[in-house]
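Visitor: sequence? don't have it. structure:
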């Protein structure tokens, strides 16, 4: 497997680092945009990128905080260190970041440019929903994406089907917010799937968080791989 950290130009004039991972092969492969949690492109996100690469995908994980804290990555103990960077993000900034990473995949010779999907966790869950709107993706996956209800009025812009994972014990994402997104999807006649693990909390997929739930993580990962295969292979 090949991994590296690259620097991409963004249309607003900024520079954005991104972690990339892909199999060492000359074969043409589907591409995946991987969006970070609120805690940066840290060890966990890089691990997910490599797991996806092992499944036969070319993966790019852009840094969402590149304007305020290039290279930022932290653990899960102190939210206060990420708050300034998290709060500084705008939908407009995230949109141009998405397109910069998408265009990198488009320009890679070993990427099947009509077979690109996205997956995101926590903050990245919301970014993954946005990405499926601003880029012509084949599919998107959102793991416990906070704030997705703020994009509900835009779901008619979705290009591919979207898979949503939630933890039933998650206090960060209310039932009302989940329902707001779902009702908008139904009204827009968009393809989606929603999975709620009643026994899991926010961040259940991350084995470096206290809320890690091995059973839910294993089940969600298997569903994610099937969803990606169905829409990309």
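Guide: Structure's in. What do you need? What you are looking at is a predicted structure, and each value in this text was computed from that prediction instead of being measured.

Visitor: got the buried residues for the longest strand belonging to the chain?
Guide: If you go by DSSP state E, the chain has its longest strand at strand 111-121. For strand 111-121, a neighbour-count test (16 or more other CB atoms under 10 Å) marks 111-112, 115-121 as buried. Every C-beta, even on glycine, is put in place using the N, C-alpha and C of the backbone.

Visitor: for the helix or strand that that strand is followed by, what is the average pLDDT?
Guide: Later in the chain than strand 111-121, the nearest helix or strand by DSSP states H and E is helix 123-134. When pLDDT is averaged along helix 123-134, the result is 98.

Visitor: tilt between helix 123-134 and strand 111-121?
Guide: 140 degrees (axes from the mean of the first three to the mean of the last three CA atoms, to 10 degrees).

Visitor: now for helix 123-134, which elements pack on it?
Guide: Here helix 123-134 touches strand 29-35, helix 91-107, strand 111-121, strand 139-143, strand 162-167, going by 3 or more CB pairs under 8 Å, 6 or more residues apart in numbering; DSSP states H and E.

Visitor: deepest-packed of those, please.
Guide: A comparison of those by mean neighbour count, using mean count of other CB atoms under 10 Å, puts strand 139-143 on top with a mean of 29.

Visitor: hang on, residue 121 packs against residue 208?
Guide: No - the criterion here is CB atoms under 8 Å, and residue 121 misses it with residue 208 at 11.6 Å.

Visitor: can you give me the pLDDT of residue 79?
Guide: 82.
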